[in-house]
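Novice: Have a look at this prediction, sequence included:
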2 protein chains.
Amino acid sequence: YGKYPDVITSMQFERMSNASGPTGGKIIRPSDGKEPKNVVFIKCVGSRDPEKGKTYCSRACCMYTAKHAHQVIDKIPDSKAFVFYMDVRTPGKAYDEFYEMAAGEGAVYVRGRVSKIYPRGDKLVVKGEDTLVGMPVEIEADLVVLATAMVPSEANDELAKKLSISMDKDGWFQEAHPKLRPVETFTAGVYLAGACQGPKDIPDTVSQASAAAVKVCSLFSKTEMATDPQVAAVDNAICSGCGLCVPVCPFKAIELVPIQERVQGQMQERLVASVNEGLCQGCGNCNSACRSSAINVKGFTDQQILMEVDALCL
Amino acid sequence: YGKYPDVITSMQFERMSNASGPTGGKIIRPSDGKEPKNVVFIKCVGSRDPEKGKTYCSRACCMYTAKHAHQVIDKIPDSKAFVFYMDVRTPGKAYDEFYEMAAGEGAVYVRGRVSKIYPRGDKLVVKGEDTLVGMPVEIEADLVVLATAMVPSEANDELAKKLSISMDKDGWFQEAHPKLRPVETFTAGVYLAGACQGPKDIPDTVSQASAAAVKVCSLFSKTEMATDPQVAAVDNAICSGCGLCVPVCPFKAIELVPIQERVQGQMQERLVASVNEGLCQGCGNCNSACRSSAINVKGFTDQQILMEVDALCL
């Protein structure tokens, strides 16, 4: 990609086949504007490949490639569509039937990965292996379309910091529980919908967006909010104001505030940590970081936990 | 299945491997209670097979089979797990990584379908073809686990009639639009969540359930409801009261009601069709069925449509 003009991404193909796109829906070769006859689609480009790309599956590519192959066959007379795949993943409702339709129309599905693409005349030679017959394949293509990996937005990093939400190893936003709380984050009031959380197709995105909306509704439907009573509390008498707890808090719930206190008959000002109970999620990070044990999670103070351990072990 | 006691379904395996299940989490052969060493998992049993089973993919099987294979390797020392598959479909977040883990632990994934299972001594011989190497495979198994097709509840049929919602060819409830309205039906006030609409895994079901909840919330949040103005209306003067429109209405919005009218100076009672505008979704079925053109969809009367056609064609 980038070396040969006739190797394009699926996004570029999508624009081309769109009636309101730059070519008015006509599928052409970018190099000479001619109509391609042999179109090769390559799936999992940069996906499911721990060596060179992303480890995850990009989820939507199997379906849009089936659509694109169908469009090639449908729009261009005497055309051929070849699809290189690792596994055909069409698990949605009526997805498998759609793939069967594309294959039934004449799209040739080749199981295997492509090793090399090089030009021959004005054509591109796609070399790969058909892992089903165990034989090398060579196809002369007019156009090669790559189903590239879905990657998170580059701005996710900054946004995650701003909203105090966590990201997974691939840079997607992390949900509170992948099965039971798929649209929530650990930060109260921040919800996830769509491909910010991981590769997603349209039906799943729409469902998730509605799901996120109901969470927001349930927040706004109450005149009072119940918060978890297990929040951190600072013992001002012990707190040295070192501030170690401030950076470890993932919810930005702790800041240093000045308090007035009487020392030897004189009023003095001193900095101590202060917890915003509305933001605190009771994670206990500050508790671990505090060297003077001045900060504790209510109901789970060091002393209470030690006494529980004593009671169990004795 | 049903012929040999050691051929079980994934649901039965799930119960066995559950600590609160009948075996307390111990995986055993139903025939003799011994611990199986070689466990063969067969995916797509009855799925993706227009000849003998369902055409669709059952979506969740790839993931639970990967989990089961992992459990066999994890719980039984010196055990082997073989998985026969058509395509590995792990498109969810971190799903591919989970499958790679199961395969990395030693689960042997064999691409191909099983042709025959027969007993040899106290073992079961699983015969199939490895379509990747193009060779027949024969595995002596202690236990065979079938990932059977997910099928809609038998009660769907009756429920669909009761709620006036439609079902697709496989017996799942039909959503209003697969991409844009995945949790809605054409019947106002009836929403879909989970595997009643098609095979679904837990994260998708939870998202969809929340999505359905927000639709219900938005219904209840208003003191007044706006309905679509495009509903059917009956011209009593023309209606012959034949009742043809009543059974064709998918929303049960039409009934025959008696009206009083003066005929030659005398009051007479006559039956005419009456549309419940709250139930009518403006589909126009009644319009097509009415022989006397007495029923029309407001804003889309026969006359209006004919005039539009005239204006365009002249």
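Specialist: Structure's in. What do you need? Numbering: from 1, shown residues only, chains lettered A, B, ... in the order given.

Novice: When you work out contacts or count neighbours from here on, use the C-alpha atoms and nothing else.
Specialist: Fine.

Novice: dump the residue contacts of the closest residue to A:Ser17 other than its chain neighbours.
Specialist: Spatial nearest neighbour of A:Ser17, chain neighbours left out: A:Gly25 (4.2 Å); criterion: C-alpha to C-alpha, 6 or more residues apart in numbering or on different chains. The contact partners of A:Gly25, taken as C-alpha atoms under 8 Å, 6 or more residues apart in numbering or on different chains, are A:Arg15, A:Met16, A:Ser17, A:Asn18, A:Ala19.

Novice: List only buried entries from those.
Specialist: A:Arg15, A:Met16, A:Ser17 (16 or more other C-alpha atoms under 10 Å in any protein chain shown).

Novice: Please name the residues that touch the closest residue to chain B within the stretch 201-314 of chain A.
Specialist: Per C-alpha to the nearest C-alpha, A:Ala211 is where the stretch 201-314 of chain A lies closest to chain B, at 3.9 Å. Counting by C-alpha under 8 Å, 6+ apart, A:Ala211 makes contact with A:Val183, A:Ala193, B:Ser207, B:Gln208, B:Ala209, B:Ser210, B:Ala211, B:Ala212, B:Ala213, B:Val214.

Novice: For A:Ser10, grab phi and psi.
Specialist: Main-chain dihedrals, A:Ser10, degrees, to the nearest 10: phi -60, psi -30.

Novice: ok, it - contacts?
Specialist: A:Thr65, A:Val145, A:Leu146, A:Ala147, A:Thr148.

Novice: pLDDT value on it, please?
Specialist: Looking at A:Ser10, its pLDDT is 91.

Novice: Take the contacts of A:Ala211 and lay them out in CSV including pLDDT and secondary structure.
Specialist: Formatted as CSV, the contacts of A:Ala211 follow (pLDDT from 0 to 100; DSSP: H, G, I helix; E, B strand; the rest coil):
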residue, pLDDT, secondary structure
A:Val183, 88, coil
A:Ala193, 90, coil
B:Ser207, 87, helix
B:Gln208, 88, helix
B:Ala209, 90, helix
B:Ser210, 89, helix
B:Ala211, 88, helix
B:Ala212, 89, helix
B:Ala213, 88, helix
B:Val214, 86, helix
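
Novice: Need the nearest residue in space to A:Phe123, chain neighbours excluded.
Specialist: Small correction: residue A:123 is Lys, not Phe. The spatial neighbour of A:Lys123 that comes closest, neighbours along the chain excluded (C-alpha to C-alpha, 6+ apart), is A:Asp142 at 5.3 Å.

Novice: Could you measure from that neighbour over to A:Phe82?
Specialist: 11 Å (C-alpha to C-alpha, to the nearest Å).

Novice: Alpha carbons only: can I get stretch A:115-130 in CSV?
Specialist: Below are the C-alpha coordinates for stretch A:115-130, written out as CSV (Å, rounded to 0.1, in the frame of the first residue of the first chain):
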residue,chain,number,x,y,z
SER,A,115,2.8,-13.2,0.7
LYS,A,116,3.7,-10.7,-2.1
ILE,A,117,2.2,-8.2,-4.5
TYR,A,118,4.2,-7.0,-7.5
PRO,A,119,3.4,-5.4,-10.8
ARG,A,120,3.4,-7.1,-14.2
GLY,A,121,2.6,-4.8,-17.1
ASP,A,122,-0.3,-2.8,-15.9
LYS,A,123,-1.5,-5.6,-13.7
LEU,A,124,-0.6,-6.5,-10.1
VAL,A,125,0.3,-10.1,-9.3
VAL,A,126,-1.0,-11.3,-6.0
LYS,A,127,0.9,-14.3,-4.7
GLY,A,128,-0.3,-16.3,-1.8
GLU,A,129,-1.1,-19.8,-0.6
ASP,A,130,-4.4,-21.5,-0.7
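
Novice: nearest to chain B, of the contacts of A:Gly25?
Specialist: Chain B has its nearest neighbour among the contacts of A:Gly25 in A:Asn18, at 18.1 Å by C-alpha to the nearest C-alpha.

Novice: mind listing what that closest one touches?
Specialist: Per C-alpha under 8 Å, 6+ apart, neighbours of A:Asn18: A:Gly24, A:Gly25, A:Lys26.

Novice: Kindly recompute the last result at 6 Å.
Specialist: A:Gly25 (C-alpha atoms under 6 Å, 6 or more residues apart in numbering or on different chains).

Novice: what's the answer for A:Met267, then?
Specialist: Residues in contact with A:Met267 (C-alpha under 6 Å, 6+ apart) are A:Glu261.

Novice: let's go with 7 Å and repeat that
Specialist: Taking C-alpha atoms under 7 Å, 6 or more residues apart in numbering or on different chains, we find A:Met267 in contact with A:Gln260, A:Glu261.

Novice: wait, is it part of a strand?
Specialist: Yes - under DSSP: H, G, I helix; E, B strand; the rest coil, A:Met267 sits within a strand.
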